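> after the sequence you'll find the predicted model.
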Amino acid sequence: MPSSKNIKQLEELSEKLARAKAVYVTEYLGLNVDEITELRKEFFSNQVEYKVTKNTLLKLAAEKNELKGLDDFLNKSTAIAISYDDPTSPARVIKNFTKENDLPQVKGIVFEGEVFDGSEFKRFANVPSKEESLAKLIALLQSPLTKLVLTLKSPMSNVGNALNNLKENKSD
């Protein structure tokens, strides 16, 4: 008979999986306290929830949310990074953190309801954020307009310069 604590954790985990845009299943065992604290701070500052979870509870929550294929990644110690807004945010945090550390290692990814192997991690980590994508789009849209304005302005400047030169020549 499951304990009331486990039942409550299962309900919370099921609700989080239902709301999440992305869940990164990671292997964290081997990180010391300072490293895990730093990783949690990075996740927190990027609006990502990082939670150590029991594999059996995560498996049951995945089944409840009809996520097939997650069982393959639920072995050893497991922590999940959950993002409710930007699905690539956890990947960027993990990518930056693993530049100086070997862990956490991504075992699997649930991205917009689809389950991917951890080998797909780099593909997600290199996707630009929504803000970066919008900034690039605006820059691309502004560039032709700026060139057009400068092109239209250029002949007018030349005419103005020619009139000023003519005026100076006449006054001499």
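In hand now; what should we look at? Numbers count the residues shown, from 1 in each chain.

> okay, strands next: where are they in this protein?
Using DSSP state E, the strands of the chain run over residues 22-27, 48-53, 78-83, 105-111, 114-117.

> please identify the deepest-packed of those strands.
strand 22-27 (a mean of 25; mean count of other Cβ atoms under 10 Å). Using the backbone N, CA and C atoms, a C-beta is placed for each residue, glycine as well.

> tell me the mean pLDDT for that strand?
The average pLDDT within strand 22-27 is 95.

> okay, residue 159: pLDDT?
67.

> now do the helices in this structure.
Assigned by DSSP state H, the chain shows helices spanning 4-19, 33-45, 55-64, 89-97, 121-125, 130-171.

> how does the chain divide up, domain by domain?
By the assignment in automatic domain parsing, the chain contains the domains 4-127, 129-172.

> what's the neighbour count on residue 65?
Residues near residue 65, counting by other Cβ atoms under 10 Å, number 19.

> so how far is residue 96 from it?
Applying Cβ to Cβ, to the nearest Å, the value for residue 65 to residue 96 is 29 Å.

> just residue 8 next, same as before
Going from residue 8 to residue 96 by Cβ to Cβ gives 33 Å.

> among the domains of the chain, show the one with the smallest mean pLDDT.
Of all the domains of the chain, domain 129-172 has the smallest average pLDDT, which comes to a mean of 73.
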